[in-house]
Structure formats: structure tokens, C-alpha cells
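Q: Pasting a predicted model and its sequence here:
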Amino acid sequence: MADRKTLQAVMISGRSNPSPGFGMQRDLEVCKLVDTTTCIGCKACEVACVEWNDMPFTPTVFDNTYQTMPETSYHFWNLIKFNEHRNPDGTIQWLMRKDQCMHCADPGCLHACPAEGAIVKYANGIVDFNQENCIGCEFCVSGCPFNIPRFNPETKRVYKCTLCSDRVGEGLEPACIKACPTGCLKFGSKDDMKFIAEERAQQLRDNFGWQNAGVYDPQSVGGTHVIYVLHDATDPERYGNLPKNPQIPWSYTWWKWLFKPILGAFALVGGLGILFHHVTNGPRVPQPEPPPKDGTNA
Amino acid sequence: MSSNAIDRFDDKARNTFEHAGRTTIYRGELLRHPVYTRVLHWTVALFFFLALFSGFALYLPFLFRWITPLFGGGELTRILHPYFGVAFVFFFAFQVMNWIERMLWHANDSRWMRNVREIASGEEKMDPPETGFFNAGQKLLFWEIVCGCILYIITGTIMWAGAPTFGAIAVAISYVVHDIAAIVMLGGVFIHIYQSTIGEPGTFEAMIRGAVSEAWAWTFHPAWYKQVTGRDPQQAYEEARQMNNSRT
């Protein structure tokens, strides 16, 4: 896998013609599996992410939870979200969820992006930002249903988790996976991860009494390349606002890709139509015709 | 009170510009637009087109590669577009102060609009006698641009600051409203450019030299002709026609 062919681009932002890598390879789609039921909140993945991507160490913010800081930032792409959830029977759960880019099969950021080549989706499912092509418009922030892209006001560009595309392209697992001590993070093909996740959910339902345990792989964005096993898949919101039904704003779907070209065509045809008015009806000239030569009227 | 202040400002601006520039009115011509109005018009037009083209670069993926090089690449296009827009709205605001009294809508404007088909098709060779300094079509464009500017400022500010400030949904809605405002205005500007150049010959001169022929005035703006010359436009037209006939 070291020949980097997994990094063939199949979707490129700001581009209407087929992307060069489309349908060119048989490599599997990759997937990160996060089992929230075995996450102990050790933050090793956070550190591994900062280490591998060579990002500066930022001061943590204590907000009375076991969370490193309130939100991810442009140089902190991976955050364990913590929530103390109170069950109806009075018991308490400490929910830990690894929050990072979900690498959607149908990425809202990519649909929203006007800059050619700033966002690409590789054949292996990774959605990557190419900062050298980014124009800093922040539409991706608006297009993402998971609130992931982060704007750096210094560089005027947007950053997020790359699913370690640089490692995956060389046949390595992402840094966060490598660091996880409990096996709560797994990495492999989408099919394999989906299978393991379903097995684990079944186990949780059968043996641990989590009747609603299930896998989070939202089909409203075509499925994601980061999937979760949740104790209660019917209420993902309790895991640090994981949306139950993530939606790309229609501004960046049918409005941008259907109605905008149609409106543009209307404008073009309208402009031509006005010129044709000159051909069919001619100009309206000052009366009487021809105007008096010396311009006087008396 | 405030309208007086605006009038005073406009008078002063017109005076200043009249000293800086010059409008030559030949015999048989009338002053249409003073220097101040002309300078404002072309400043607004310049920033309109800069904003339009830089906006089109970001409007469609099909156009990104075509247009961004004109503005020095995608990043610079994105940086410049809001400033072009702000400059457009800023200078248009002066034009609003300059023109607002003449742009107020009257009952005869609604009558003009009801005849718009005949006027546009050229069936009506002359505008209705009560047509003043601006006809209803021009007023409609003016107020369309005023509405457009308000929408641009609101939606543009939301998109300029971005989703982190105003939220993803506000940006997504602004994105659509901004597009619609731009396309509607573009349609209006297409008609404006056509009518003022090849559609009604003599009009372009009004914005370049500031002067129009008397025949142009009594044909397209009879009430204004009557106001500035004190003569009856219909009578003036008849006299000119007879003079033409006697010559041939």
C-alpha cells in the first residue's frame, strides 16, 4: 500500500468535471472505529495527534469537566468530549466521545467550498484540506454538519483532522489509533470496522443490558469514515452534541449545484434576449426622425 | 430637518465638482447630469463590475478558474470582493442622497408601468407627457439597487465574518439571498446598459458629457423638458417636425 495509490482524488472542491481518480482503483475504503463504551478518556489520542502533526502545545482550559478544552481548534484536531449524563433512573454515566472530522462519504465542506482543489476526497474515503488552495472563505465551516473545520485568522486558512492521510498513504494507521491503550480505537476497511462495530453493539445489547446500543454511521451524509459504537444509538446528542440526523445545508447541495447554474444560464440568456430586442425592435430614437440638423426647434 | 442637511450637502458637492470639472452645453442641448452625478455614477459602476466579477468567480465552480486570475488568484479574490462591495454600497449611498427626491414614486409612474410593453417595444415612439426627470423604469432600477444594497450589506456581513460568528445556518441562508440579490440586480443592469447605449441613442451622452439634445428630452422625458425650458414638449416636437418637413 506504500505506493500512495489510495490517495487518488475522487472528489475535488470547486470542480464540476470528473476528478482524475474517479473509478480508478479497487482499494478499500478505510474507516476509524471509535467504541465509546471502552474509551477511558486518557487523552493519549489527543497527544498523539498533536505530536504526529507537529502542532504547538496549547494551554488547556478547565471547565469543570474531564475535557481538555471546550472545542477543537485549528491546531488541535482531536478532542475527547466529556459529558456527565444522568439517566432517568438516577444513575450517572460519564460519556467520552472522540470528536474529530467524520470524513463523510458525502462531505458538506467539499460541496460548500468554492476554491478548486482546496478540499479533496480520496478513493479511500479520507476528506482532506489542501491549505495551499484554500481561499479562507469559511463556507466549509457553514457546510459541515459536525462543526469541524477551524479557521486560523493568522494564516486565513481552514484546518481539520486529516485522518493522518500522510500515514495512511504509506500503509500506516492514524496516530490516534496507534496511541490508544484500550483498543477502543480501531482502524481498517470500512466493511471490517462496520462488522466489528455491529458485533460489539450486539454484545452490548445481549450481555451488558444496553438495549439501545448501536452503531453511528449516519446515512444522511452517505455514511462516515469514522463510526461510533454508542451505548444508546437512539440519542447520539448526549455524546457532546453528535447530531442524530446530520444534514448538509441545502444552500450547498441543490441550490449551489443545480439552481445556481440555472440562474446563471437565465442571466446569460436574458442578456442575449435584450440584445435580440435590438435586432427585432430596433432602438427608440429621439423624435422626430431624423433630428433637426442644427439641433434647434424654433 | 435631515432632508435639508442632505440638500445642503448635495448642493455643496455639486458646486465643488462643477469647479473641478466642466459641462459643455451646445446650442439645442440641455444639461442632464452635472459633473458630481457623472463622477458618482461611474465610480459606482466601476465598483459594481469589480464586485460582480470577483463575486462570479466564487459564484460557480465553473467560473473559479476563469475569473480568479483577473484578481490575482482565489485568495485575493476572496479578500477583495467584500471591499469592492462595500465601496459600491458606499458610493451608491451618495447617489441615493443626490437622486432620492427625483426617484420618489408617483401615480404617473404606475401609469408608465402599465404601458411598459408599448414603450419597450417601440410602439410608443415618445414617452407619456407626464414622464419627468426619471421614468418609472429608471426608478424601479434605482429602488431595486437600494433593496439589493441593503440585502448585500446584511448577508455580506454575515458571510464576511463567517460561520464562527453568526452560525452555520445564518451563513447558509445569506449565501442564497446574496445570490438572488445579485442575479436580480444583474438583470436590471443588463436592461439599464442596453437602454442607455444602443436602446435609446443619445442617453449615453448624458452620463459622459452631461448634455442631451432637446429632442431627446421632449421624446423621453417630456415633463422634465417642460420644467427646464418652460416650453410645451408636444408643441416643440410639432415645430421640429414641420421644420424637418419643410426642409425635405
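A: Okay, I see it.
Q: From here on, just use CA atoms for contacts and neighbour counts.
A: Noted.
Q: Residue B:217: which element?
A: Using DSSP states H and E, residue B:217 maps to helix B:214-220.
Q: er, residue B:148 I mean
A: Under the criterion of DSSP H and E, residue B:148 resides in helix B:136-161.
Q: tell me what that helix is packed against?
A: Judged by 3 or more CA pairs under 8 Å, 6 or more residues apart in numbering or on different chains; DSSP states H and E, helix B:136-161 is in contact with helix B:74-103, helix B:107-114, helix B:168-194.
Q: Please produce JSON lines containing the ones you listed, extended by distance to chain A and mean pLDDT.
A: As requested, those are arranged in JSON lines below (distance: least, CA to the nearest CA, whole Å; pLDDT from 0 to 100):
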{"stretch": "helix B:74-103", "distance to chain A": "4", "mean pLDDT": "96"}
{"stretch": "helix B:107-114", "distance to chain A": "16", "mean pLDDT": "94"}
{"stretch": "helix B:168-194", "distance to chain A": "4", "mean pLDDT": "96"}
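Q: Can you redo those helices as a markdown table, where the extra columns are distance to residue A:223 and mean neighbour count?
A: Putting those into a markdown table (distance: least, CA to CA, whole Å; neighbours: other CA atoms under 10 Å in any protein chain shown) gives the following:
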| stretch | distance to residue A:223 | mean neighbour count |
| --- | --- | --- |
| helix B:74-103 | 31 | 19 |
| helix B:107-114 | 54 | 14 |
| helix B:168-194 | 21 | 19 |
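Q: that older thread, which residues are in contact with the helix or strand that the helix holding residue B:148 is followed by?
A: Once helix B:136-161 ends, the next helix or strand along the chain (criterion: DSSP H and E) is helix B:163-166. Residues from elsewhere that reach helix B:163-166 (CA atoms under 8 Å, 6 or more residues apart in numbering or on different chains): A:138, A:139, A:141, A:142, B:158, B:169, B:170, B:171.
Q: Pairing partners for residue A:79 in the sheet, please.
A: Beta bridges link residue A:79 to residue A:99, judged by DSSP bridges.
Q: what about it, how many residues close to it?
A: A total of 24 residues lie near residue A:79 under the criterion other CA atoms under 10 Å in any protein chain shown.
Q: What sits closest to the most centrally placed residue in chain B if chain neighbours are left out?
A: Centroid check for chain B by CA atoms, centre = their mean gives residue B:142 as the closest residue, at 5.9 Å. Nearest non-adjacent residue to residue B:142, counting by CA to CA, 6 or more residues apart in numbering or on different chains: residue B:103, 7.4 Å away.
Q: now do residue B:188
A: residue B:141 (6.1 Å).
Q: quick one: contacts for the one you found?
A: Listed by CA under 8 Å, 6+ apart, the contact set of residue B:141 reads B:188, B:189, B:192.
Q: try residue A:282
A: B:122, B:199.
Q: quick one: it from residue B:112, how far?
A: Distance, residue A:282 to residue B:112, using CA to CA, to the nearest Å: 20 Å.
Q: ditto for residue A:209
A: Counting by CA to CA - residue A:209 and residue B:112 are separated by 77 Å.
Q: Then residue A:8?
A: When residue A:8 is compared with residue B:112 (using CA to CA), they lie 61 Å apart.
Q: Then residue A:207?
A: The value you get for residue A:207 to residue B:112, if CA to CA is used, is 81 Å.
Q: And for residue B:95?
A: 24 Å.
Q: residues in the stretch 51-200 of chain A within reach of chain B, list them.
A: Within the stretch 51-200 of chain A, the residues that sit near chain B (CA under 8 Å from any CA of the partner chain) are A:114-116, A:133-139, A:141-143.
Q: Tell me who's in contact with residue A:73.
A: residue A:150.
Q: could you pull out the helices for the stretch 51-200 of chain A?
A: A:108-112, A:139-143, A:165-168, A:175-179, A:190-207 (DSSP state H, counting those that start in this stretch).
Q: Assign residue A:244 to helix, strand or coil.
A: Under DSSP: H, G, I helix; E, B strand; the rest coil, residue A:244 falls in the coil class.
Q: Without its sequence neighbours, what residue ends up closest to it?
A: residue A:236 (5.7 Å).
Q: Surely the one you found and residue A:246 touch.
A: No: Residue A:236 is beyond contact range of residue A:246, at 10.9 Å (criterion: CA atoms under 8 Å).
Q: per-residue confidence for residue A:61?
A: If you check residue A:61, the pLDDT there is 89.
Q: where exactly do the strands run in chain A?
A: A:9-12, A:30-35, A:79-86, A:92-99, A:119-122, A:127-129, A:150-152, A:157-159, A:185-189, A:214-216, A:226-230 (DSSP state E).
Q: Adding distance to residue B:116 and mean pLDDT as columns, could you present these in CSV?
A: Formatted as CSV, the strands of chain A follow (distance: least, CA to CA, whole Å; pLDDT from 0 to 100):
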stretch, distance to residue B:116, mean pLDDT
strand A:9-12, 47, 89
strand A:30-35, 63, 96
strand A:79-86, 63, 95
strand A:92-99, 60, 95
strand A:119-122, 49, 94
strand A:127-129, 52, 97
strand A:150-152, 50, 96
strand A:157-159, 50, 97
strand A:185-189, 66, 96
strand A:214-216, 60, 97
strand A:226-230, 60, 97
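Q: Those: which one's closest to residue A:47?
A: Checking the strands of chain A against residue A:47 by CA to CA gives strand A:79-86 as the closest, at 9.7 Å.
Q: by how many degrees do the closest one and strand A:92-99 diverge?
A: Between strand A:79-86 and strand A:92-99, the angle comes out at 160 degrees (axes from the mean of the first three to the mean of the last three CA atoms, to 10 degrees).
Q: which other helices and strands contact strand A:79-86?
A: strand A:92-99.
Q: how about stretch A:156-165: buried residues?
A: A:157, A:158, A:159, A:160, A:161, A:162, A:163, A:164, A:165 (16 or more other CA atoms under 10 Å in any protein chain shown).
Q: Regarding that stretch, how distant is the last residue from the first?
A: Calculated as CA to CA, the first-to-last residue distance of stretch A:156-165 is 22 Å.
Q: Then stretch A:26-39?
A: End-to-end for stretch A:26-39, by CA to CA: 33 Å.
Q: next one: stretch B:219-233
A: End-to-end distance (CA to CA), stretch B:219-233: 8 Å.
Q: Do it and chain A come into contact?
A: Yes: Stretch B:219-233 reaches chain A (CA under 8 Å from any CA) through B:219, B:220.
Q: Which residues does the lengthiest helix in chain A contact?
A: If you go by DSSP state H, chain A has its longest helix at helix A:260-281. Contact with helix A:260-281 is made by B:59-60, B:121-122, B:179, B:183, B:186-187, B:190-191, B:194, B:198-199, as judged by CA under 8 Å, 6+ apart.
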